[in-house]
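In: got a sequence here, can you model it:
(one chain, ligands or ions: 1)
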Amino acid sequence: MEVVVAEHAGFCFGVTKAVETVYEQINSKKTNIYTFGPIIHNQIVVGDLESKGVKVIENVSDLEGVNEGIVVIRSHGVTKESYSALKETGLEIIDATCPFVKRIHKIVDEESAKGKSIIVVGSKTHPEVEGIVSYATGPVYVVESPEMARSFREDKAKDYTVVSQTTFNKNKFQETIEILNNYGYNINIVNTICNATDERQSEAQEIAGRADVMIVIGDAHSSNSRKLYEICAAKCDRTYFIQTLDDLELEIPDGAKLVGITAGASTPKNIIEEVQKHVRTNF
Ligand code: F3S
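Out: Got it, this is the predicted structure:
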């Protein structure tokens with residue numbers, strides 16, 4: 001039986017940078033270290049950072065009374081308001097927002113300034129989307145799915161610029177765009193799904209299409225991992241979604257020829273290695 005691990009599994013460039021930034025601060029520790037929200041959606045990594053003294057704050061008000069420290073902004077960014085409030089605290093701010101997310105902030109800011117209404121395709125409550133929305137200075141709408149696009153009823157005389165959450169499912173983004181187009185909205189589309197996501201999803205889809213069993217490793221809170229699971233499950237009936245090897249209750253059907261493994265952007269390499277080794281040695 002063959003075991004294939006996706007090349008584009010695990011930490012993406014933005015997550016690597018953000019996590020490394022926090023570890024660098026720990027190593028040169030001179031002061032208190034805070035991250036604005038969990039640095040990534042992975043309980044194991046966040047737990048390790050906490051054990052090394054890093055505190056997670058959820059709001060700028062959590063820093064009240066703190067006179068000394070460094071705050072690292074996570075890879076999917078924060079709202080414009082939170083960013084300004086953080087600056088006002090006088091603490092040192094290290095912005096580890098991924099450049100691909102920053103690019104969306106810039107697009108939304110510029111397009112709003114031109115008078116365009118903004119449509120963000122993504123999950124409304126995801127911090128990345130909350131951040132993107134905050135950069136609009138005019139009307140802004142969040143469309144979470146093709147189903148939601150079908151019931152989107154706004155002024156068709158207006159011009160819209162559409163962007164997407166970096167980790168959105170690219171097939172669903174295309175479907176959403178087509179629906180808005182067919183309804184006659186005047187839309188300028190900027191596909192801001194990041195390359196790392198695109199490559200990861202395409203590769204996962206390809207492997208799942210020929211695998212008898214597929215394993216997706218990721219945190220249940222990680223939106224990109226959940227989307228990866230959806231994509232794989234649509235192609236392979238036996239798709240498992242696990243956070244670590246401990247969750248894996250693997251059953252391999254007789255005659256299975258291929259087991260595929262992929263992982264979300266917030267899954268550390270050692271967990272992927274562990275799962276891969278387990279499958280290779282036990283089946
Ligand atoms: Fe950045 Fe893409 Fe990762 S936007 S944080 S490189 S998934």
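In: all the helices of this structure, in order from the start?
Out: Secondary structure of the chain by DSSP state H: the helices cover 13-27, 43-51, 80-88, 99-113, 127-134, 146-150, 170-182, 195-210, 223-235, 269-282.
In: just send the ones you listed back as CSV, with mean pLDDT too.
Out: CSV is the format used below for these (pLDDT from 0 to 100):
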stretch, mean pLDDT
helix 13-27, 94
helix 43-51, 92
helix 80-88, 96
helix 99-113, 97
helix 127-134, 97
helix 146-150, 97
helix 170-182, 95
helix 195-210, 94
helix 223-235, 94
helix 269-282, 95
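In: so which of these comes closest to the ligand?
Out: helix 13-27 (2.4 Å; C-beta to the nearest ligand atom). Every C-beta, even on glycine, is put in place using the N, C-alpha and C of the backbone.
In: does the ligand sit close to that closest one?
Out: Yes: using C-beta under 6 Å from any ligand atom, helix 13-27 reaches the ligand at 13, 14, 15.
In: same for that helix, what does it pack against?
Out: Helices and strands touching helix 13-27, by 3 or more C-beta pairs under 8 Å, 6 or more residues apart in numbering; DSSP states H and E, are strand 33-36, helix 43-51, strand 70-73, helix 99-113.
In: would you format those as TSV with distance to residue 203 included?
Out: Shown next, in TSV, are the helices and strands packed on helix 13-27 (distance: least, C-beta to C-beta, whole Å):
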stretch	distance to residue 203
strand 33-36	30
helix 43-51	23
strand 70-73	29
helix 99-113	18
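In: which one of these lies nearest to residue 211?
Out: Proximity to residue 211 (C-beta to C-beta) singles out helix 43-51 among the helices and strands packed on helix 13-27, at 25.4 Å.
In: angle of that closest one against helix 269-282?
Out: 130 degrees (axes from the mean of the first three to the mean of the last three C-alpha atoms, to 10 degrees).
In: residues of helix 43-51 that come out buried?
Out: Across helix 43-51, burial judged by 16 or more other C-beta atoms under 10 Å covers 43, 44, 45, 46, 49.
In: how about stretch 10-19?
Out: Across stretch 10-19, burial judged by 16+ other C-beta under 10 Å covers 10, 11, 12, 14, 15, 18, 19.
In: show residues contacting it.
Out: Residues outside stretch 10-19 that contact it (C-beta atoms under 8 Å, 6 or more residues apart in numbering) are 39-40, 45, 72, 74-76, 96, 98-101, 194, 196-197, 200, 263-269, 272.
In: also stretch 162-172?
Out: The contact list for stretch 162-172 (C-beta under 8 Å, 6+ apart) reads 76, 98, 100-101, 104, 107-108, 118-123, 126, 128-129, 132, 145-146, 173, 177, 180, 187-194, 197-198, 201-202, 223-224, 227, 230-231, 265.
In: thinking again about what came up before, quick check: the farthest pair among the buried residues of stretch 10-19?
Out: It's 10 and 18 that sit farthest apart of the buried residues of stretch 10-19, by C-beta to C-beta, at 14.1 Å.
In: mind listing what residue 75 touches?
Out: Shown in contact with residue 75 (C-beta under 8 Å, 6+ apart): 14, 15, 17, 18, 39, 40, 96, 97, 98, 101.
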